[in-house]
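Asker: Next comes the sequence, and after it the predicted model I'd like to discuss.
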Amino acid sequence: MSSIVSVSSRDGVAVITLDNPPVNALSYALRDPLNKALIAARDDDTVKAIVLTCAGRTFVSGADIREFGTPLTSKEPNLGDLIATLETINKPTVAAIHGTALGGGLELALGCYFRVADAKAMVGLPEVKLGLLPGAGGTQRAPRLAGPQKALAMIVSGNPIGAADALKHGLVDQVVEDGLVDAAVAFAAAKASEGAHLILVRDRDEKVAAARGDEAALDAAIKKATAKARGLVAPLRCAQSVKNAVMLPFEEGLKKEREYFIELVTGDQSKAQRHLFFAQREAAKVSGVDKTVKPRAINRVGVIGAGTMGGGIAMSFVNGGIPVTILEANEEALKRGLATIEKNYGISVSRGSLSDEAKAKRLALFTPTTDYGDLADCDLIIEAVFEEIGVKEDVFTKLDAIAKPGAILASNTSYLDVNTIAGFTKRPQDVLGTHFFSPANVMKLLEIVRGEKTAPDVLATILAIAKRISKVPVVVGVCHGFVGNRMLGSRSAESEALLLEGSSPESVDKAFTDFGWPMGPFQMFDLAGLDIGWRTRKSLGLKAVISDTLCEAGRYGQKTGKGYYLYEDGSRVPKTDPEVEKLIADKASGKGINRRTISDQEILERTLYPMVNEGALILEEGIAERPSDIDIVWTNGYGFPIGKGGPMFWADMEGLDKIVERLEYWHGKTGKDVFKPAALLVKLASEKKGFADLQAGTA
Ligand code: T1G
């Protein structure tokens, strides 16, 4: 037997061990020997039961995503064939699950009669996150064990569940604290010796039969589960396939599942989401920071500032189990910040996503103070104070004096020069930017701003701790706005012009939400607060006639109940405001502009194409290491639709030649720099290449 599949015998129980590092993905190289081993064990009369287990850190984590789009992915025996082989075995078969049995891994386990899981194991069907659905019977078998409602929630969300929850819902039959394989062998031997009646999962009809009588309830659950699909097809197919498990015989449901899978795996949305899966892992690979660079130990974090950002950042670390010393200038501000943190955890408790006990444990990890000296034992100190360089200088000068040697000093600045900030200390090698996104305890993206002198192990440390606090890190270089906000500036550059020339906040925002964004630019301005941009423009002597006028009238957005939209009685639902329509019309006529209807295509060309162009400039300047890093920034920090893969992946799908041609048109028409095509963009377009070619080194 190959080392990738090995078989041992334990008192008549065949133990088949898979060993396909790093995560036992079901590559063809694994499927073929596994199928042979299953057939051999099936046909061997001395074998009374079979246990399927994995070496390494996890049970099978799914089909091999790298094989998708290649002939290997369906080369027989495919995953369906493996499960079919399992279901010809008339002996107890037991999957011994540790780590994360995901996707095809869980589907393989559902082909067994029984499942025994380690207490720390997770099981799930995350295919929807790749723009797919479980394609090897998961949508038909999971509802038969866990019931349609639980299966629907798992498959449409793609979120894994723990072993205890899996046991509760019948997805596993036993959970053990340790000795997993021994327990699975004992379980299998017991089932064999007692001559247990073996029922295939596919034949367990009781839970789906019960749901058959209440289609309305299932439809209601489907409506709720797919409410946030926002243009994505996979969630809808996932839900329909689960419903088929209730309404159709097994084989018919399986056939429909296969049809949906083929539709999805060949579609653009899944290609985009699979791109993002690998892009997120690529982003953690940073030049000059290879696996030999050891992270520093982080046992305590200091956060300076307990406002919206500081409080959210502090919560992120506490949520990852890391104690935080949180500092404010005075007791009153400190109390206010802690009260907000407590309120936020209270909301999680009321939503049922956090227990009272867990809330108390988290609150106990906060050490409040107004004394910088109390930060002396912190291994990492992050400041989230006012965005003004003088304030940063004061903070970092103090930190340089009190922080212990080797402590990492980080700024949460959104725009300011991290090299200047590092220069306020005698330890620039320990300084970098950690740019969180508001609300910091929710948003996944963490832009790690690498200073000229930032040491490799400092980067390695923040990359490692980002993963520990469930953030998605992207290392970026120093420039105004780094990657995300710099491109946001280009996306927003034409906002006022579009309004003055004839568009409206509603029509611009609709063009964006029709594209798949969660909200358009004007709704976003109202959410973030118009006063932030107003303050920046005033400091730079810039004008924005409409936004300035709104701010001068105290219309800052949601926080004042009025901005580009009206927000009645504290509602967050934007309502058209005739006053704003009149303001736009008056300003336009004052500039002698004859307003016209502006198409969605023009709106996207004048917002998203400049954004792509800025991304090309960022790549030229080395501010981002690779195009896919920019896609990770935008899909994790700004809601770029994952079904379009991020701005650079989407640009390749649009065609860079088309983008360059339209940028040149708008540049000729307006003379604005934001439309001046970047040299890199022109080069790739002229060579009929894309950003993917640049990343692959073929451009
Ligand atoms: N296929 C190929 N490579 C994979 C892989 C997979 N399924 N999962 C992980 N890798 C690579 C990953 O790219 C990285 O490579 C290395 O393994 C370590 O991963 C028919 C169609 C299992 C929770 O979606 O969620 O089954 O960067 O850094 O943080 O219905 O990997 O080192 O070169 O993420 O410890 C469904 C995806 C597939 C699970 C481990 N399964 N993987 O997390 O390590 S579709 C999934 C994960 C399917 C069937 C359908 C995580 C993990 P490199 P890592 P980790």
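Answerer: Structure received. Residues are numbered from 1 along each chain as shown.
Asker: now the strands: where do they sit in the stretch 151-300 of the chain?
Answerer: In the stretch 151-300 of the chain, the strands defined using DSSP state E, counting those that start in this stretch lie at 161-162, 174-176.
Asker: wait, does the first one contact the ligand?
Answerer: In this case it means strand 161-162. No. Shown here: strand 161-162 not in contact with the ligand (Cβ under 6 Å from any ligand atom), separated by at least 13.5 Å. C-betas here are computed from N, CA, C, even on glycine.
Asker: Point out the other helices and strands that that strand packs with.
Answerer: When contacts are defined as 3 or more Cβ pairs under 8 Å, 6 or more residues apart in numbering; DSSP states H and E, strand 161-162 sits against strand 122-124.
Asker: Name the next helix or strand downstream of the strand it packs on, please.
Answerer: Counting by DSSP states H and E, the element after strand 122-124 in chain order, helix or strand, is helix 138-146.
Asker: Run through the neighbouring helices and strands of that following helix.
Answerer: Using 3+ Cβ pairs under 8 Å, 6+ apart, helix 138-146 sits against helix 104-110, helix 148-157, helix 206-212, helix 234-247, helix 250-265.
Asker: Looking at those helices, which is nearest to the ligand?
Answerer: Taking Cβ to the nearest ligand atom, helix 104-110 is the member of those nearest to the ligand, at 3.3 Å.
Asker: what about the one residue in the stretch 151-300 of the chain that gets nearest to the ligand, neighbour count?
Answerer: Per Cβ to the nearest ligand atom, Arg281 is where the stretch 151-300 of the chain lies closest to the ligand, at 3.9 Å. Arg281: 11 surrounding residues under other Cβ atoms under 10 Å.
Asker: do Gly697 as well
Answerer: As a burial measure, Gly697 scores 6 neighbours (other Cβ under 10 Å).
Asker: any idea of the pLDDT on it?
Answerer: On pLDDT, Gly697 comes in at 92.
Asker: Next one: it from the ligand, what distance?
Answerer: With distances taken as Cβ to the nearest ligand atom, to the nearest Å, Gly697 is found 17 Å from the ligand.
Asker: swap in Val51?
Answerer: For Val51, the distance to the ligand equals 21 Å [Cβ to the nearest ligand atom].
Asker: doesn't Pro295 make contact with Val457?
Answerer: That one is not Val; residue 457 is Asp. Yes. Contact criterion Cβ atoms under 8 Å: Asp457 and Pro295 qualify, at 6.6 Å.
Asker: Give me whichever of the helices and strands packed on helix 138-146 is most buried.
Answerer: helix 104-110 (a mean of 29; mean count of other Cβ atoms under 10 Å).
Asker: immediately after that helix, which helix or strand?
Answerer: Going down the chain from helix 104-110, the next helix or strand is strand 114-118, by DSSP H and E.
Asker: Show me what that following strand pairs with in its sheet, parallel or antiparallel.
Answerer: strand 93-97 (parallel), strand 174-176 (parallel) (DSSP bridges).
Asker: can I get the CA coordinates of that strand in PDB?
Answerer: C-alpha atoms of strand 114-118 as PDB (Å, rounded to 0.1, in the frame of the first residue of the first chain):
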ATOM      1  CA  PHE A 114     -20.800   5.700  11.600                       C
ATOM      2  CA  ARG A 115     -18.600   8.700  12.600                       C
ATOM      3  CA  VAL A 116     -16.500   9.100  15.800                       C
ATOM      4  CA  ALA A 117     -15.100  12.500  16.400                       C
ATOM      5  CA  ASP A 118     -12.400  14.000  18.600                       C
END
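Asker: ranges for the strands of the stretch 301-450 of the chain?
Answerer: Counting by DSSP E, counting those that start in this stretch, the strands of the stretch 301-450 of the chain are 301-304, 324-327, 366-369, 380-383, 408-411, 431-436, 445-449.
Asker: Those strands into CSV, with extra columns for mean pLDDT and mean neighbour count?
Answerer: Conversion of the strands of the stretch 301-450 of the chain to CSV gives the following (pLDDT from 0 to 100; neighbours: other Cβ atoms under 10 Å):
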stretch, mean pLDDT, mean neighbour count
strand 301-304, 98, 28
strand 324-327, 98, 26
strand 366-369, 98, 18
strand 380-383, 98, 26
strand 408-411, 98, 28
strand 431-436, 98, 26
strand 445-449, 98, 26
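Asker: can you redo those strands as JSON lines with distance to Leu463?
Answerer: Listed next are these as JSON lines, based on distance: least, Cβ to Cβ, whole Å:
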{"stretch": "strand 301-304", "distance to Leu463": "15"}
{"stretch": "strand 324-327", "distance to Leu463": "20"}
{"stretch": "strand 366-369", "distance to Leu463": "25"}
{"stretch": "strand 380-383", "distance to Leu463": "13"}
{"stretch": "strand 408-411", "distance to Leu463": "12"}
{"stretch": "strand 431-436", "distance to Leu463": "11"}
{"stretch": "strand 445-449", "distance to Leu463": "7"}
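Asker: what's the spacing between the residue of the stretch 151-300 of the chain closest to the ligand and Ile632?
Answerer: Distance from Arg281 to Ile632, counting by Cβ to Cβ, to the nearest Å: 10 Å.
Asker: Stretch 57-68 near the ligand anywhere?
Answerer: Yes. Judged by Cβ under 6 Å from any ligand atom, stretch 57-68 and the ligand are in contact via Thr58, Ser61, Gly62, Ala63, Asp64, Ile65, Arg66.
Asker: who's in contact with that stretch?
Answerer: With contacts defined as Cβ atoms under 8 Å, 6 or more residues apart in numbering, stretch 57-68 is touched by 18, 22-28, 53-54, 72-73, 79, 95-105, 108-109, 121, 126-127, 130, 135-136, 265, 270, 274, 277-278.
Asker: Please, a PyMOL command that selects the buried ones among those residues?
Answerer: Buried subset of the contacts of stretch 57-68, written as a PyMOL selection, criterion 16 or more other Cβ atoms under 10 Å:
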select buried, resi 18+23+24+25+26+27+28+53+54+73+79+95+96+97+98+99+100+101+102+103+104+105+108+109+121+126+127+130+135+136+265+270+274
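Asker: restrict the contacts of stretch 57-68 to contacts with the ligand.
Answerer: Among the contacts of stretch 57-68, the ligand is touched by 22-23, 25, 79, 100, 102-104, 126-127, 130, 135-136, 278 when using Cβ under 6 Å from any ligand atom.
Asker: State the number of residues packed around the closest residue to Ala25 other than its chain neighbours.
Answerer: Spatially, and ignoring its direct neighbours in sequence, Ala25 is nearest to Asp64 (4.1 Å; Cβ to Cβ, 6 or more residues apart in numbering). Using other Cβ under 10 Å, Asp64 has 22 neighbouring residues.
Asker: measure Asp64 to Tyr565 for me?
Answerer: For Asp64, the distance to Tyr565 - Cβ to Cβ - is 47 Å.
Asker: again, but for Asn244
Answerer: Counting by Cβ to Cβ, the separation of Asn244 from Tyr565 is 42 Å.
Asker: which residues sit in contact with Arg595?
Answerer: Arg595 makes contacts with Leu500, Glu501, Gly502, Ala585, Ala588, as judged by Cβ under 8 Å, 6+ apart.
Asker: Would you confirm that Thr17 belongs to a strand?
Answerer: Yes. Under DSSP: H, G, I helix; E, B strand; the rest coil, Thr17 falls within a strand.
Asker: Dump stretch 449-464 to PDB, restricted to CA.
Answerer: In PDB, the C-alpha atoms belonging to stretch 449-464 read as follows (Å, rounded to 0.1, in the frame of the first residue of the first chain):
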ATOM      1  CA  VAL A 449       2.000  48.700   6.900                       C
ATOM      2  CA  ARG A 450       5.600  47.900   6.500                       C
ATOM      3  CA  GLY A 451       8.000  50.700   7.300                       C
ATOM      4  CA  GLU A 452      11.400  51.100   5.600                       C
ATOM      5  CA  LYS A 453      13.100  49.800   8.800                       C
ATOM      6  CA  THR A 454      10.400  47.400  10.100                       C
ATOM      7  CA  ALA A 455      12.300  44.200  11.000                       C
ATOM      8  CA  PRO A 456      11.200  40.900   9.300                       C
ATOM      9  CA  ASP A 457      10.400  39.200  12.700                       C
ATOM     10  CA  VAL A 458       8.100  42.200  13.500                       C
ATOM     11  CA  LEU A 459       6.200  41.500  10.400                       C
ATOM     12  CA  ALA A 460       6.200  37.700  11.100                       C
ATOM     13  CA  THR A 461       4.800  38.500  14.600                       C
ATOM     14  CA  ILE A 462       1.900  40.600  13.300                       C
ATOM     15  CA  LEU A 463       1.100  38.100  10.500                       C
ATOM     16  CA  ALA A 464       0.900  35.300  13.100                       C
END
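Asker: All set, thanks.
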